[in-house]
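In: return atomic coordinates for the entry below.
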Amino acid sequence: MSVFYTSMSYKPNSAHPIVTLTTDFGLSDAYVAAMKGAILRESPNAVLVDVTHRVPPGDVLCGSISLERAVDGFGAGAVHLAVVDPGVGSDRRILLVEICGSIVVCPDNGLITWAWRRLGPGKISKLIWKPSGKVSDTFHGRDLMGPVAGMLAAGKKPRELSRVIHDPILLDVAPAKRPVKLGDAHEAGVHRHLTTNVASDSLKSVRNVSVKIGRRNIGRMKRTYADAAPGKALALFGSAGLLEIAVRDGSAAEKLRLRVGDAVTIDHR
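Out: Numbering: from 1, shown residues only. Just a heads-up that it's a prediction; the model follows:
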C-alpha cells in the first residue's frame with residue numbers, strides 16, 4: 001500500500017495535554033491504573049480520558065471502531081493510546097500514527113484501520129525507543145506504549161522515538177463505495193447496535209431507502225430511535241454518520257442474533 005503524508009502535524013497541548021485510552025483490559029483489576037501511572041510519570045499534567053476499557057478481549061475490529069471515534073471526537077493535539085493486543089510479546093511492531101493533527105500509539109495489528117480509512121491517511125512510524133529497565137512480555141501497555149504516550153503528551157517529537165514505515169497492517173474493512181448496494185455489518189457500541197460501513201453521504205442523493213440484514217427485513221430508514229416502537233428493530237444513521245441497525249431500548253446483536261460480517265442489503269431509488 002502507499003502511505004501519504006498529511007500537512008497537519010501533531011502538536012500537543014502543552015498546558016494540559018489530553019491522552020485518551022481505549023483497551024480491552026476491563027475494570028476488575030489494576031491494569032488500567034498501572035498504564036495510567038506510566039503515562040503520568042512522563043507527563044504529570046496530562047488529562048487522561050477513558051474512551052472504553054470494555055472492548056471484547058482481543059477484538060481488534062471493535063477496538064478500531066472505538067479508536068476512530070476518539071480520534072475524530074477530540075481533534076488536533078490529543079494523544080490516543082489504544083491497547084487491544086493479542087500479539088503482545090511477539091515481534092509485532094508498535095506504531096505511532098500522526099493523523100488529523102493528533103497521534104495514536106497502538107500495536108501494529110490492524111487497530112488503526114478504521115481511523116485510517118475514515119480520517120486518514122497520515123504518517124506512520126514504528127517505535128524504536130526502548131526503556132532502560134526490564135520490559136514485561138505480557139504488559140507492553142505499561143512498559144512501552146504508556147510511557148511513549150506520556151512522552152508525546154509532554155512534547156517529545158515522534159521522530160525522536162520512531163522510524164517511518166510504509167506497510168502497516170490494515171484489516172479488510174473500509175467505508176462502502178458509492179453507489180451503495182451492499183455493506184458489511186460490524187458490531188460496536190455499548191448499546192449493542194450494529195454499525196455498518198455505509199456512510200450517510202453515500203446515500204444522500206437517494207430516497208425511500210430500505211434495509212435488510214440477512215433474511216430479516218428491517219424496513220425503511222428512520223430518523224431517530226423514537227421513530228420505532230420499543231423493542232422494534234430499526235435502521236438509521238447514528239452519530240458517527242454510519243448506518244446502524246438497532247433495537248429501540250434493546251440489543252440488536254442479541255435480539256436479531258446478528259454477527260460481525262453479516263451482509264446488509266440496501267434498496268433505494
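
In: state the number of residues packed around residue 209.
Out: By other CB atoms under 10 Å, the residues close to residue 209 number 17. Where C-beta positions appear, they are placed from N, C-alpha and C, glycine not excepted.

In: pLDDT score assigned to it?
Out: pLDDT, residue 209: 81.

In: and for residue 177?
Out: Turning to residue 177, the model gives it a pLDDT of 67.

In: same check on the one 3 residues further on?
Out: According to the per-residue confidence, residue 180 scores 53 in pLDDT.

In: before we move on, what about residue 13?
Out: Reading off the model, residue 13 has pLDDT 63.

In: residue 266 too?
Out: Each residue has a pLDDT score; the one for residue 266 is 81.

In: surely it touches residue 202?
Out: No - under the criterion of CB atoms under 8 Å, residue 266 is not in contact with residue 202, lying 9.4 Å apart.

In: how about the CA coordinates for the helix or strand containing residue 147, as PDB?
Out: Secondary structure from DSSP states H and E places residue 147 in helix 146-153. The C-alpha trace of helix 146-153 is given here as PDB (Å, rounded to 0.1, in the frame of the first residue of the first chain):
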ATOM      1  CA  GLY A 146       2.100   4.000  28.200                       C
ATOM      2  CA  PRO A 147       5.500   5.800  28.600                       C
ATOM      3  CA  VAL A 148       5.600   6.700  24.900                       C
ATOM      4  CA  ALA A 149       2.100   8.200  25.100                       C
ATOM      5  CA  GLY A 150       3.300  10.200  28.100                       C
ATOM      6  CA  MET A 151       6.400  11.400  26.400                       C
ATOM      7  CA  LEU A 152       4.500  12.500  23.400                       C
ATOM      8  CA  ALA A 153       2.000  14.400  25.600                       C
END
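
In: what is the rounded mean pLDDT of that helix?
Out: Per-residue scores along helix 146-153 average to 98.

In: what residue ranges in the chain score low on pLDDT?
Out: Along the chain, segments meeting pLDDT under 70 span 1-9, 12-14, 177-192, 205, 269.

In: tell me the contacts of the most centrally placed residue in it?
Out: In the chain, the residue lying closest to the centroid (CA atoms, centre = their mean) is residue 67, at 2.3 Å. Applying CB atoms under 8 Å, 6 or more residues apart in numbering, we find residue 67 in contact with 22, 51, 80, 82, 104, 106, 111, 112, 114, 115.

In: that one and residue 55: what is the separation?
Out: 9 Å (CB to CB, to the nearest Å).

In: before we move on, what about residue 48?
Out: 17 Å.
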